[in-house]
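Chemist: Fold the stuff below for me.
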Amino acid sequence: MNVDGKGKKWRWAIIWVSCLLLTLAACNVEDSAVMLAGGDTGGGEEDIGEGDSGLPDADKPDAEDPEAEQPDSEVAPGCDDGVQNGDESDVDCGGTECGACEPGESCVFSDDCATGYCTGGVCVDESCENVSCGDEEACYRGVCYLSCEESDACDPSSRCYQGACIPTDCSEVVCRAGEACYRGVCYEASACSDASDCEPSEAGPWGECVFGDNVCALTGVESRTVTTFSCGESSTCEMSEVIEERDCRRELSVDQQCGEPIDSGWSECVYASPCDTTGERVREIITFVCSEGSCEHVEERLVDTRGCERDTTGATCNAVDVTEWGPCMADVPGEVCNTAGTRKRERTEFRCADGGCSASTVTESEACVLRTAGRVCGIGMRRITDCTATGGTINSCTDAGQQTTTITTPVCGTTGACDETETTTEDSACQIYVEEGTYCSMVIPVDSRECVMGRWRVSTWDPKCDGQGTCEAIRSTYDDGPCMEERCPMGNPCETSSGQAGCCSSENVCVSNSDPNPVPCLM
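Modeler: Okay, here's the model as predicted:
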């Protein structure tokens, strides 16, 4: 049973008074049924003035002069604003101000519904007045179906109509007398002569804005079903539906994610040097966020030192440096033949200390065997044979010969003792000297005869060996009678030491008359 608008106002007044009195209880209106947005069937009177939003005010007067009074900015609830507000039981319908809701839309009282029947908070046809459906069901034409808000909630063979998934196959739907079926929906097939005799077109609520697979899209598409009635060939009203679409937009938060983040996880700790006690590890995170309608990736590199602390004391910080082995040195230097020896090398290790790399060097030694065999270990003996003539002649006082030198040397044996000898022989040339006084061949001075102190001294020369291999000129002199001195007064006649007649020169020397430059005698 429907009531007029004044009855609605009184009923709401009683409810609000009850809520004020019951301070310990909440005043709620339960709506557990599926609700679909209904058409725009009513609205308040337009109230538009200068400086206003164009929508009905919230019980505030318009300010004709903006400077005289601050215009109100609060928009009053309206029956065509696409929002359930005020005392509406569904979007833009029900309540005390807006038109009645169609079947499938939410209601509080029966007079919120155009059919006059409100069951389970949903406007239903009169056939569903006494039908009780399950929690996830809705009633249509006395039958319980799966409840829905959009067609996507129904299987492909059903459609969402008046909050219920009804089959689109009209063979499964029972309509009343005088009704026809269109895709599972029963409508009044009244007689007509033209379209004006049929029900007016009715547009359903706009559905959800769909953006496809692009989660970052700012512009999408929303659709609604428009039901039209036309006068068919049989002069009865026929129902048809078309899908109407329009663009819609949305605003996304600046950090709207569009993909699963990629997290590399913390890397291994990295240290600048082997002895560092503190290192760092990195972590790369790639997030995908929406930016201007597309999905962009943002890379973030995190650096952390936590968990990268260590104690490096004593740890190796560089490769070990080992020198070559030195020479094998005798353990007892005085024992020439001893084979026991020792060789050494240096080993440098690098280990961490106080955060730095410190070097420590040690000398390593190991036993070695000296090779002493054949080493001279004493004083040798030398024996030289006599020089034997070979038949050759070096000079008139020396004959060629040959002699052999034998050297016996004590050497170290293979047992490390001085118990072996080495003998070497060497042939060498030698000289045999001719006996002293033996005549030899050489150029000797010319024999001479000179007047010495009034006597003739005659000198003769003989080549003889000296017994040491040298041929020498041996001088022999003898007296050969009286003579005159070669020195005489200038211009006087004289006799040279060789017995030739001559004249004395200005140097008081007797110059032979046969000389190329004779001196004339003055007397």
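
Chemist: C-alpha only now, for contacts and for neighbours.
Modeler: OK.

Chemist: Would you confirm that residue 90 contacts residue 107?
Modeler: Yes. Using Cα atoms under 8 Å, residue 90 is in contact with residue 107, at 6.8 Å.

Chemist: Residues that sit against both of these two, list them.
Modeler: In terms of Cα atoms under 8 Å, 6 or more residues apart in numbering, residue 90 and residue 107 are both contacted by the residues residue 101.

Chemist: And these two? Which one has more around it.
Modeler: Shown here are residue 90 and residue 107; by other Cα atoms under 10 Å, residue 107 has more neighbours (32 against 26).

Chemist: quick one, what contacts the more buried one?
Modeler: Contacts here follow Cα under 8 Å, 6+ apart; on that basis residue 107 touches 31, 89-90, 94, 101, 113, 118, 121-123.

Chemist: want to throw those into a markdown table with pLDDT, secondary structure and distance to residue 469?
Modeler: Converted to a markdown table, the contacts of residue 107 look like this (pLDDT from 0 to 100; DSSP: H, G, I helix; E, B strand; the rest coil; distance: Cα to Cα, whole Å):
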| residue | pLDDT | secondary structure | distance to residue 469 |
| --- | --- | --- | --- |
| 31 | 34 | coil | 155 |
| 89 | 91 | coil | 158 |
| 90 | 90 | strand | 156 |
| 94 | 93 | coil | 162 |
| 101 | 90 | strand | 162 |
| 113 | 90 | strand | 165 |
| 118 | 83 | strand | 165 |
| 121 | 81 | coil | 159 |
| 122 | 81 | strand | 159 |
| 123 | 85 | strand | 162 |
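
Chemist: Relative to residue 328, which of those is nearest.
Modeler: residue 31 (106.2 Å; Cα to Cα).

Chemist: quick one on the thing from earlier: could you give me the PyMOL syntax to select whichever of the contacts of residue 107 are buried?
Modeler: Restricted to buried positions by 16 or more other Cα atoms under 10 Å, the PyMOL selection for the contacts of residue 107 reads:
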select buried, resi 89+90+94+101+113+118+121+122+123
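
Chemist: so residue 280 sits right up against residue 310, yeah?
Modeler: No. With contacts counted by Cα under 8 Å, residue 280 stays clear of residue 310, the gap being 11.4 Å.

Chemist: Give me the more crowded residue out of the two.
Modeler: Set residue 280 next to residue 310 and count neighbours by other Cα under 10 Å: residue 280 wins out with 18 against 11.

Chemist: who's in contact with the nearest residue to that one once chain neighbours are set aside?
Modeler: For residue 280, ignoring the flanking residues on the chain, the nearest one in space by Cα to Cα, 6 or more residues apart in numbering is residue 305 at 4.4 Å. Neighbouring residues of residue 305 by Cα under 8 Å, 6+ apart: 278-281.

Chemist: Compute the number of surrounding residues for residue 148.
Modeler: 25.

Chemist: Now tell me what touches the host helix or strand of residue 426 from outside.
Modeler: Here residue 426 sits within strand 420-433, counting by DSSP states H and E. With contact meaning Cα under 8 Å, 6+ apart, strand 420-433 is reached by 387-389, 394, 397-413, 467-469.

Chemist: switch the cut-off to 7 Å
Modeler: Strand 420-433 is contacted from outside by 387, 397-413, 467-469, using Cα atoms under 7 Å, 6 or more residues apart in numbering.

Chemist: Next: stretch 439-456.
Modeler: By Cα under 7 Å, 6+ apart, stretch 439-456 touches 396-397, 457-461, 463-465, 471, 473, 479-485, 497-498.

Chemist: and that stretch, which residues are buried?
Modeler: 439-440, 449-452, 455-456.

Chemist: ok, back up a step: name every strand pairing with the strand holding residue 426 and say which way it goes.
Modeler: Strand 420-433 pairs in its sheet with strand 398-411 (antiparallel), by DSSP bridges.

Chemist: and the partner strand, average pLDDT?
Modeler: Strand 398-411 carries an average pLDDT of 93.

Chemist: Pull out the buried positions in it.
Modeler: Applying 16+ other Cα under 10 Å to strand 398-411 flags 398-404, 409-411 as buried.

Chemist: Stretch 343-362 too?
Modeler: In stretch 343-362, the ones that count as buried by 16+ other Cα under 10 Å are 343-344, 348-353, 355-358.

Chemist: Tell me the one of these nearest residue 168?
Modeler: Out of the buried residues of stretch 343-362, the member with the shortest distance to residue 168 (by Cα to Cα) is residue 355, at 81.6 Å.

Chemist: Let's see the pLDDT reported for that closest one.
Modeler: The model's pLDDT for residue 355 equals 84.

Chemist: can I assume it is in contact with residue 276?
Modeler: Yes. Taking Cα atoms under 7 Å as the definition, residue 355 is a contact partner of residue 276 at 5.6 Å.

Chemist: what helix or strand does the closest residue to residue 320 other than its chain neighbours sit in?
Modeler: Distances taken as Cα to Cα, 6+ apart put residue 349 closest to residue 320, at 4.9 Å, once the chain neighbours are dropped. Element membership for residue 349, per DSSP H and E: strand 340-353.

Chemist: now stretch 249-259: how far from the chain's centre is it?
Modeler: 34 Å (Cα atoms, centre = their mean, to the nearest Å).

Chemist: where do the strands sit along the stretch 351-500 of the chain?
Modeler: Residue ranges of the strands in the stretch 351-500 of the chain, as given by DSSP state E, counting those that start in this stretch, are 356-369, 381-384, 388-395, 398-411, 420-433, 448-452, 455-465, 471-482, 493-495.

Chemist: Dump these into JSON lines; add distance to residue 270 as well.
Modeler: Listed next are those as JSON lines, based on distance: least, Cα to Cα, whole Å:
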{"stretch": "strand 356-369", "distance to residue 270": "17"}
{"stretch": "strand 381-384", "distance to residue 270": "76"}
{"stretch": "strand 388-395", "distance to residue 270": "91"}
{"stretch": "strand 398-411", "distance to residue 270": "66"}
{"stretch": "strand 420-433", "distance to residue 270": "69"}
{"stretch": "strand 448-452", "distance to residue 270": "114"}
{"stretch": "strand 455-465", "distance to residue 270": "101"}
{"stretch": "strand 471-482", "distance to residue 270": "99"}
{"stretch": "strand 493-495", "distance to residue 270": "126"}
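
Chemist: tell me the domain ranges of this structure?
Modeler: 1-40+81-175, 262-304, 321-369, 381-433, 448-512 (automatic domain parsing).

Chemist: wouldn't residue 241 be in contact with residue 224 here?
Modeler: No. Taking Cα under 7 Å as the definition, residue 241 is not a contact partner of residue 224, at 10.0 Å.

Chemist: where exactly do the strands run in the stretch 151-300 of the chain?
Modeler: 158-161, 164-167, 179-182, 185-188, 202-203, 219-231, 237-249, 262-263, 281-291, 294-304.

Chemist: how far does stretch 371-380 stretch from start to finish?
Modeler: 21 Å (Cα to Cα, to the nearest Å).

Chemist: hmm, back to that, which of the residues in the strand holding residue 426 are buried?
Modeler: 420-421, 430-433.

Chemist: still on that earlier bit, so which of the strands of the stretch 151-300 of the chain is the most packed in?
Modeler: By mean neighbour count, with neighbours taken as mean count of other Cα atoms under 10 Å, strand 164-167 ranks first of the strands of the stretch 151-300 of the chain at a mean of 27.

Chemist: who's in contact with it?
Modeler: 138-140, 145-148, 154, 157-160, 184.

Chemist: Identify the residue nearest residue 91 in space, chain neighbours excluded?
Modeler: Here the residue nearest residue 91, using Cα to Cα, 6+ apart, is residue 84, at 4.1 Å.

Chemist: Tell me the spacing between that neighbour and residue 160.
Modeler: Applying Cα to Cα to residue 84 and residue 160 gives a distance of 21 Å.

Chemist: Next: residue 244.
Modeler: 16 Å.

Chemist: Residue 362 now?
Modeler: Residue 362 is 93 Å from residue 160, by Cα to Cα.
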